[in-house]
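Visitor: next input, structure requested:
(2 chains)
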Amino acid sequence: MEPEELTELALEAAVAAGAGYADVRWVREETEGLTVTDDRVDDLEAEDSSGLGVRVLVDGRWGFAASALVDPGRAGDLARRAVEVARASAAAGGEPVRLAPAEPAVAGWSTPVARDPFAVPLAERVELLLAACDAQRSVAGLAHAKATVDLWRRRTVLWSSEGTRLDQTVTQAGAGIEAVAVGDGDLQQRSWPNSFRGQYQAGGWEVVEAAELVANAPRVAAEAVQLLAAPPLPERVTTVILDGQQLSLQVHESVGHPLELDRILGMEAAYAGTSFVAPGDLGRLRYGSPAMSVTADATTPGGLGTFGFDDEGVAAQRSPLVAEGVVAGFLTSRETAVDGAGSGGAMRADGWGSMPLIRMTNVHLEPGQGSLDELVADTPDGLLLSVNRSWSIDDRRVNFQFGVEAAWEIKGGRLGRLYRNATYDGRTTEFWGSLDAVCGPGDWVVWGVPNCGKGQPFQNARVGHGAAPARFRNVHVGVGR
Amino acid sequence: MTGSGPERLLEVAEAAIGAGGADDAEALVYRQAGGLTRFASSRIHQSAWREDLSVRVRVVVDGNRVGTATVHSADPGAVRATARRAAEVARTMPPDPGYPGMPGPAAYPEAGRHDPATAAADPATRAGLVAGVIRRLPDGVAAAGACETRELEIALANTRGVRAAGATTAASFSILADAGSGTGWAEGTEPALADLDVAALGERAARKAVDSREPRELAPGTYPVVLEPNAASVLVQWLGWLGFGAKAYDEGRSFLVGRLGQRVCSPLVTIVDDATAADTIGVGFDFEGVPKRPVTLIDRGVAASLVYDFRAATGHGVEPTGHGLPAPSAEGALPMHLAMLPGQIPQADLVAGLERGLLVTRFHYTNLVNLMDTTITGMTRDGTFWVEDGRVVGAVRNLRFTQSILDALSSVRAVGAETEMAAEDGYGAARAPALAIDRFAFSSATTF
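Guide: Numbering: from 1, shown residues only, chains lettered A, B, ... in the order given. Modelled structure (predicted):
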């Protein structure tokens, strides 16, 4: 049976059972992951998951039911179960949910793809990763070489009781290498283009090719070996330049999450936490320096948070979150949309089995000017911190601590010695207040964060962050030294 | 599918490996169904039910070319197509000279507990528990949290004769109480919903929230601490991830390299992995169909054993311990039923024995800083108290720790008698007692 028919059956059953509002998502997600370690395929996963998720509002209470085991007979049962869940939710009382109005969308949308990554023969993928490992292993002293490719394709058919009829396919791809050096009781890793299995974007095999794994492998492996002999980063307060990879996660943890309106309203309090930002801070709170402008943009080509419509059927949008250092917007849903502004289109679900939650789309630090070379040259004393290896932040997103794979000393405007085990920490608004320069569009890249966790049951989201290297003053580095 | 219980999943697995033409074939069928009722600001704001079933097929051709494919469906046609796809993948893969074959049939230990009432718990039951706890909150205290009931069924069949099937249930209730300037936390996880005392959890969280009001600032530094079981379980869980798997050890990415057989922490610390313990959640075989065996990982402070999947065990010439993940796995074996053994001292007496230091309820957002010296970082959360002369004298603002787990466990002064099963952020779970630790390093502080 076609997904539209299942979706329609479930939608009719939900409304007949008493749902005041209902939306039904049929989702098929195809995933392929390949890992080569040294000279052999270490892991191979090819997964095909489809199912139906029914979300209903009954007397202002949400209910959700989802199953991978759907056929025409079960679609109605699933919808009635969602209504049963919603009715039970009235037990604890409280204000009923109201949804901000949204124009029902009837449309189709697909990620532009130059070469279908799923059509690339497996043998070609294996050959690429073996070559990337071989190129790493040409460097003396390396313990292990790893290379990975991951592909995702998600088709969503979304129908709602308000008339939304959407069919959307998002395709994403990524690849990376990890060089590991081991010795004297220590382990050091250097990754390219990013840690956590590489760089990911929306698109096809061209994303994998753009990573240039083989060409970068010898340099990356050599840096891993050099790190093993490098001294640990001493503790001090100094100027730091974060590369785009590390900065993307800094934006993610200390800007994106705190500006999710469900967190601000306490809806994630028990699990992911809340936010130091209050609803009344809109237009008032100074979040950072005037060099800081942050935008949520689900329309950015290539972003992991790029789509045509969110999982409530709201069209992709671009809107400011921080304008020249001042809070200018939140990530919102139809439920949380404030003062008639309408949803910001940030509701995303981790497949058919999860309720949509407010998630980051692509949350960018807008570029400034100049190049990384020029920024280093303009820095008499400091550090260049490169590629994340550790992250942690408190449950209101104030106190953070990050670790990076590599730290280069900057002396007299030039890169100097390499340090290992580098960390830095701070408090969110103080840190962003110390931002004094962001590199320009030439160094601005939309980085992918493929492992954003939130919600109960746990949901993973893949989000994007445009970032160019940026400089921060008076940062505490070398925690725990 | 016909019949009932996890055995019906075996029919699906057997159909998947029955196509023929392969040197080896294996099918792993995993079904999970359950509901979660979530509350915030003292109202139920999200509630969900979900059923998933996956069939993962592993096929070996030409002796050592391995392919896998997974489908989320029990439809016979879809399962057959997935088996064909796994075979196609296998034919395109390079040979794996180290392919160890597949395990053969074995007897499986009794493990886990399947409670039919928990499997059948409906949304009204969960909502009723949540509403009851909210009604009993003191004035000025709001609550957030979740009540979850789940049924897990797993079946595995391979062409070497393995036929394994098992089922287990799990119920959990967590509550964050918010008293304005202070929050408190309590959480319980058990195989059966009826074994959870949700009223007591609500009372404990509310009491902590009230006691946490108006926290004072405390300078970062190294302090003696009492970690409640929830916080202690995070250390146990991390240690389990950081190097007990034989593959990680072989690749040099384990803190145990060069330390097996040596003292790595206090003699008061014994950590085991035991799927057969009455109070754990799981089944009696791993994801390769190998019986799960109890393993003592740290024996009275001495690093005692690794855990092995079938490949690593074959390479080492030892028996697999039943800790395999779905093969092939880049990660290798992992301990998945961790427990630190309790001591003799009631938890309350641990605080009574603390002259000056901190009582920690819970950690938040822990992460690895340095694998080889087991340093992790994270925040305290929802109940951090200053203790003087054995008594809690007030709440303090939350602190960030940056601390080697082994160093902390080396300065364990006393181990509590009661254990709880918990894990930060829901990734797996470990059972642990409260710990009194002489030196625990807090590297920075936050504002609340």
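
Visitor: burial of whichever residue of chain A sits closest to chain B, as a residue count?
Guide: Per Cβ to the nearest Cβ, the residue of chain A with the smallest distance to chain B is A:G94, at 2.6 Å. In this view, the C-beta of every residue, glycine as well, is placed from N, C-alpha and C. A:G94 sits with 17 neighbouring residues when counted by other Cβ atoms under 10 Å in any protein chain shown.

Visitor: kindly report the same for A:T169.
Guide: Other residues lying near A:T169 total 17 when counted by other Cβ under 10 Å.

Visitor: which helix or strand contains it?
Guide: Applying DSSP states H and E as the criterion places A:T169 in strand A:165-183.

Visitor: circling back to that earlier point, run a quick neighbour tally on the residue lying closest to the residue of chain A closest to chain B once chain neighbours are set aside.
Guide: For A:G94, ignoring the flanking residues on the chain, the nearest one in space by Cβ to Cβ, 6 or more residues apart in numbering or on different chains is B:R43 at 2.6 Å. Summarising burial for B:R43: neighbours were counted as other Cβ under 10 Å, giving 22.

Visitor: tell me who's in contact with B:R43.
Guide: Residues touching B:R43, when contacts are defined by Cβ atoms under 8 Å, 6 or more residues apart in numbering or on different chains, comprise A:92-95, B:134.

Visitor: again, 10 Å this time
Guide: Shown in contact with B:R43 (Cβ atoms under 10 Å, 6 or more residues apart in numbering or on different chains): A:61, A:89-97, B:130-131, B:134, B:142-144.

Visitor: those in helices, which ones?
Guide: B:130-131, B:134 (DSSP state H).

Visitor: now for A:E32: which residues touch it?
Guide: With contact taken as Cβ under 10 Å, 6+ apart, A:E32 is in contact with A:44-48, A:117-118, A:120, A:122, A:125, A:149-153, A:173, B:69, B:89.

Visitor: from the residues you listed, which ones fall inside strands?
Guide: Counting by DSSP state E, these place A:44-48, A:149-153, A:173, B:69 in strands.

Visitor: just give me the closest of the residues you listed to B:R31.
Guide: Using Cβ to Cβ, A:E47 comes nearest to B:R31 of the ones in strands among the contacts of A:E32, at 15.7 Å.

Visitor: burial of that closest one, as a residue count?
Guide: A count of nearby residues for A:E47, using other Cβ under 10 Å, gives 18.

Visitor: for the ones in helices among the contacts of B:R43, pick the one with the most neighbours.
Guide: Within these, B:V130 tops the neighbour count with 29 neighbours, counted by other Cβ under 10 Å.

Visitor: and what about B:F401, helix, strand or coil?
Guide: The local conformation at B:F401, judged by DSSP: H, G, I helix; E, B strand; the rest coil, is strand.

Visitor: which pLDDT value goes with it?
Guide: Among the per-residue scores, B:F401 holds a pLDDT of 98.

Visitor: and the gap between whichever residue of the stretch 1-150 of chain B sits closest to chain A and B:A27?
Guide: Of all residues in the stretch 1-150 of chain B, B:R43 sits closest to chain A, at 2.6 Å by Cβ to the nearest Cβ. In this view, B:R43 and B:A27 are 44 Å apart by Cβ to Cβ, to the nearest Å.

Visitor: likewise A:M347?
Guide: Here A:M347 is placed at a distance of 36 Å from B:A27 (Cβ to Cβ).

Visitor: ok, these two, which is more surrounded?
Guide: Under the neighbour definition other Cβ under 10 Å, A:M347 and B:A27 were set side by side, and B:A27 has more, 27 against 24.

Visitor: let me know whether the more buried one touches B:A74 as I believe.
Guide: No. In this structure, B:A27 is not within contact of B:A74 by Cβ atoms under 10 Å, at 11.6 Å.

Visitor: which parts of the chain belong to which domain?
Guide: This is for chain A. Structural domains annotated on chain A: A:3-229, A:236-477, as defined by automatic domain parsing.

Visitor: that was the other one, I meant chain B.
Guide: The record's domain split for chain B, according to automatic domain parsing, is B:7-200, B:217-448.

Visitor: what bridges to the spatially most central residue of chain A?
Guide: In chain A, the C-alpha nearest the mean C-alpha coordinate belongs to A:V463, at 2.6 Å (Cα atoms, centre = their mean). Under DSSP bridges, the beta-bridge partners of A:V463 are A:V449.

Visitor: buried residues, the strand holding A:T169. List them.
Guide: Across strand A:165-183, burial judged by 16 or more other Cβ atoms under 10 Å in any protein chain shown covers A:165-182.

Visitor: contact residues of the stretch 101-250 of chain A facing chain B?
Guide: Those residues of the stretch 101-250 of chain A that sit near chain B, judged by Cβ under 10 Å from any Cβ of the partner chain, are A:121-127, A:130, A:143-144, A:146, A:148, A:180-189, A:232, A:235.

Visitor: could you tell me which of those residues count as buried?
Guide: If you count burial by 16+ other Cβ under 10 Å, the buried members of those come out as A:122, A:125-126, A:130, A:143-144, A:146, A:148, A:180-182, A:186-189, A:232.

Visitor: quick one: residues contacting B:S404.
Guide: A:480, B:255, B:369-370, B:372-376, B:410, B:441.

Visitor: columns distance to A:T332 on top of those, output as CSV?
Guide: Shown next, in CSV, are the contacts of B:S404 (distance: Cβ to Cβ, whole Å):
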residue, distance to A:T332
A:G480, 38
B:F255, 44
B:V369, 35
B:N370, 39
B:M372, 44
B:D373, 43
B:T374, 41
B:T375, 38
B:I376, 34
B:S410, 49
B:A441, 40
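
Visitor: just give me the closest of the residues you listed to A:W391.
Guide: Here the nearest of these to A:W391, counting by Cβ to Cβ, is B:V369; it sits at 10.1 Å.

Visitor: which residue is the nearest non-sequential neighbour of the closest one?
Guide: Among residues not flanking B:V369 along the chain, B:T375 sits closest, at 4.3 Å (Cβ to Cβ, 6+ apart).

Visitor: put the buried members of the contacts of A:E32 into a ChimeraX selection.
Guide: ChimeraX command restricting those to the buried ones, with burial defined by 16+ other Cβ under 10 Å:
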select /A:44,45,46,47,48,117,120,122,125,149,150,151,152,153,173 /B:69,89
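
Visitor: could you pull out the helices for the chain?
Guide: Defaulting to chain A. Counting by DSSP H, chain A has helices at residues A:3-16, A:72-88, A:122-137, A:205-210, A:213-229, A:244-251, A:261-264, A:372-377, A:428-433.

Visitor: wrong one, chain B
Guide: Under DSSP H, chain B gives helices at B:7-17, B:76-92, B:116-119, B:123-135, B:198-211, B:229-241, B:246-250, B:310-316, B:347-352, B:405-410.

Visitor: out of those, deepest packed?
Guide: With neighbours defined as mean count of other Cβ atoms under 10 Å in any protein chain shown, the helices of chain B peak in mean count at helix B:229-241, which reaches a mean of 25.
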